[in-house]
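Engineer: I would like to see how this sequence folds:
(one chain, ligands or ions: 1)
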Amino acid sequence: MSSLLAIDVRGLSKRYGGRAVVDLVDLQLAPGRICGFLGPNGSGKTTTIRMLCGLLTPDAGEGHCLGLDFRRDAVAIKRQVGYMTQKFGLYEDLSIRENLDFVARLFGMPQRQAAVDRALERLGLASRQKQLAGTLSGGWKQRLALAACLLHEPKLLLLDEPTAGVDPKARRDFWDEIHRLAQQEGITVLVSTHYMDEAERCHELVYIAYGRILARGSEAEIIAASGLHVRALHGSVDALTVERLKQAEGVLSVAAFGNALHIAAQDEVLLERALAALPGTGTLHIEPATPTLEDVFISLIARAQDNFASAGGR
Ligand SMILES: Nc1ncnc2c1ncn2[C@@H]1O[C@H](COP(=O)(O)OP(=O)(O)OP(=O)(O)O)[C@@H](O)[C@H]1O
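Structural biologist: Numbers count the residues shown, from 1 in each chain. Below you'll find the model as predicted:
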């Protein structure tokens, strides 16, 4: 039976050289939603995305993408998916319009000119259509890459680190565009990113490490479910003390946030014990802090590393 969800897959798995790089991943995403896909380098995000859009054959898994069986109907799914990689290929010596026209030709699109016009209009590129792609800034190149992804009017966008290396203003504009596409056109978006400010702009998040999903939900849900206790420490702390704190029993992460250090732990008693053992506590100001997404993700990966090491890898 097909699903009302845009993405509804279970047990997605892929192994390379005997190593599970995507391990029994379940993903569900409703139409028109924006889901941030986060995780450390090499955690399996790209592999998952490539399996979803039919570019890579999974070893296991079943389910639906856009109501189609994601294994059996991979070709039909590809026609309705826009996939944008971090290293999008543009022809630098072709203009914006020529680049889009080239992509439209490549896909044998009917009414090519109208499709290119619409893509130019949709992403505010019409006034620059004659400009050579090679002369565009990173932000405009990325906008052009997104326009190319949208040429065939996809219902689902799979964006793999689309804003890597792009300045904050251009990233913000890009995200405004993503929200417009989701809100006004009902396009569903799965987007991988390493930026926490981008994670905060998603409707929901999935956090993956070692090929396994460790957390999912809205930002607030993930923070609440983490059960993490965080203290903000203000004052002068030397590098050796920071190192000792990191090694203290129960402490999952120690990270600088502006002028404060955030120390996170699952067990509040162990956290207090580690802080009480600090030298010169009289000169330090320590107060409870609300965990940030970054606190939660760093702590999740610390715990996953311990589990992975004790299981001897996979
Ligand atoms: N074709 C391949 N052959 C062997 N190993 C691979 C192949 N493709 C990916 N891997 C490995 O699978 C793991 C997951 O890679 P993947 O690119 O999916 O991670 P990622 O989460 O997208 O990482 P990043 O954030 O760095 O882009 C990595 O250890 C990678 O080296």
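Engineer: Which element, helix or strand, includes L12?
Structural biologist: When elements are defined using DSSP states H and E, L12 is found to belong to strand 7-16.
Engineer: residues near R244, how many?
Structural biologist: Around R244 sit 17 other residues, with neighbours defined as other Cβ atoms under 10 Å. In short, each C-beta sits where N, CA and C put it, glycine included.
Engineer: now swap in R112 and tell me
Structural biologist: R112 is flanked by 16 other residues according to other Cβ under 10 Å.
Engineer: Also T241?
Structural biologist: Here the number of neighbours of T241 (other Cβ under 10 Å) works out to 18.
Engineer: shouldn't it be in contact with L278?
Structural biologist: Yes: assessed by Cβ atoms under 8 Å, T241 is found in contact with L278 at 6.3 Å.
Engineer: Need the contact partners of the strand holding L12.
Structural biologist: By Cβ atoms under 8 Å, 6 or more residues apart in numbering, the surrounding residues in contact with strand 7-16 are 20-29, 44, 47-48, 51-52, 56, 58-65, 70, 156, 188, 190, 211.
Engineer: go again using 7 Å as the cut-off
Structural biologist: Judged by Cβ atoms under 7 Å, 6 or more residues apart in numbering, the contacts made with strand 7-16 from elsewhere in the structure are 20-29, 47-48, 51-52, 56, 58-65, 70, 190.
Engineer: Show me which of the residues you listed are buried.
Structural biologist: When burial is judged by neighbour count using 16 or more other Cβ atoms under 10 Å, the buried members of those are 20-23, 25, 27-29, 47-48, 51-52, 58, 61, 63-65, 70, 190.
Engineer: In helices only, show me these.
Structural biologist: With helices defined by DSSP state H, the entries of the buried ones among the contacts of strand 7-16 inside them are T47, T48, M51, L52.
Engineer: Enumerate the residues of the stretch 1-150 of the chain near the ligand.
Structural biologist: Residues of the stretch 1-150 of the chain lying close to the ligand by Cβ under 6 Å from any ligand atom are Y16, V21, G39, N41, G42, S43, G44, K45, T46, T47.
Engineer: Can you go through those and name the buried ones?
Structural biologist: Buried residues within these, defined by neighbour count using 16+ other Cβ under 10 Å: V21, G39, S43, G44, K45, T46, T47.
Engineer: ok now do the residue most central in space within the chain, which residues does it touch?
Structural biologist: Nearest to the centroid of the C-alpha atoms of the chain, with distances taken as Cα atoms, centre = their mean, sits S192, at 2.3 Å. With contacts defined as Cβ under 7 Å, 6+ apart, S192 is in contact with F37, K45, I49, D160, E161.
Engineer: next one: L205
Structural biologist: For L205, the contacting residues are C35, G36, L38, A199, R216, G217, E219, I222, taking Cβ under 7 Å, 6+ apart as the criterion.
Engineer: For the ligand, state which of these is nearest.
Structural biologist: Compare each of the contacts of L205 with the ligand using Cβ to the nearest ligand atom and the shortest gap goes to L38, at 9.1 Å.
Engineer: just checking, that closest one touches T193?
Structural biologist: Yes: assessed by Cβ atoms under 7 Å, L38 is found in contact with T193 at 6.5 Å.
Engineer: Do a quick rundown of the strands in the stretch 1-150 of the chain.
Structural biologist: Using DSSP state E, counting those that start in this stretch, the strands of the stretch 1-150 of the chain run over residues 7-16, 19-29, 34-38, 60-65, 68-69, 81-84.
Engineer: want to throw those into JSON lines with mean pLDDT?
Structural biologist: Putting those into JSON lines (pLDDT from 0 to 100) gives the following:
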{"stretch": "strand 7-16", "mean pLDDT": "97"}
{"stretch": "strand 19-29", "mean pLDDT": "96"}
{"stretch": "strand 34-38", "mean pLDDT": "98"}
{"stretch": "strand 60-65", "mean pLDDT": "95"}
{"stretch": "strand 68-69", "mean pLDDT": "92"}
{"stretch": "strand 81-84", "mean pLDDT": "94"}
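Engineer: so which of the ones you listed comes closest to V251?
Structural biologist: Across these, V251 has its closest neighbour in strand 34-38 (22.3 Å, Cβ to Cβ).
Engineer: got the CA positions of that closest one in CSV?
Structural biologist: This file holds the C-alpha atoms of strand 34-38, laid out as CSV (Å, rounded to 0.1, in the frame of the first residue of the first chain):
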residue,chain,number,x,y,z
ILE,A,34,11.6,20.5,6.1
CYS,A,35,13.7,17.9,7.8
GLY,A,36,17.3,18.6,8.8
PHE,A,37,19.6,15.6,8.5
LEU,A,38,22.6,16.0,10.9
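Engineer: Many thanks, I have nothing further to ask.
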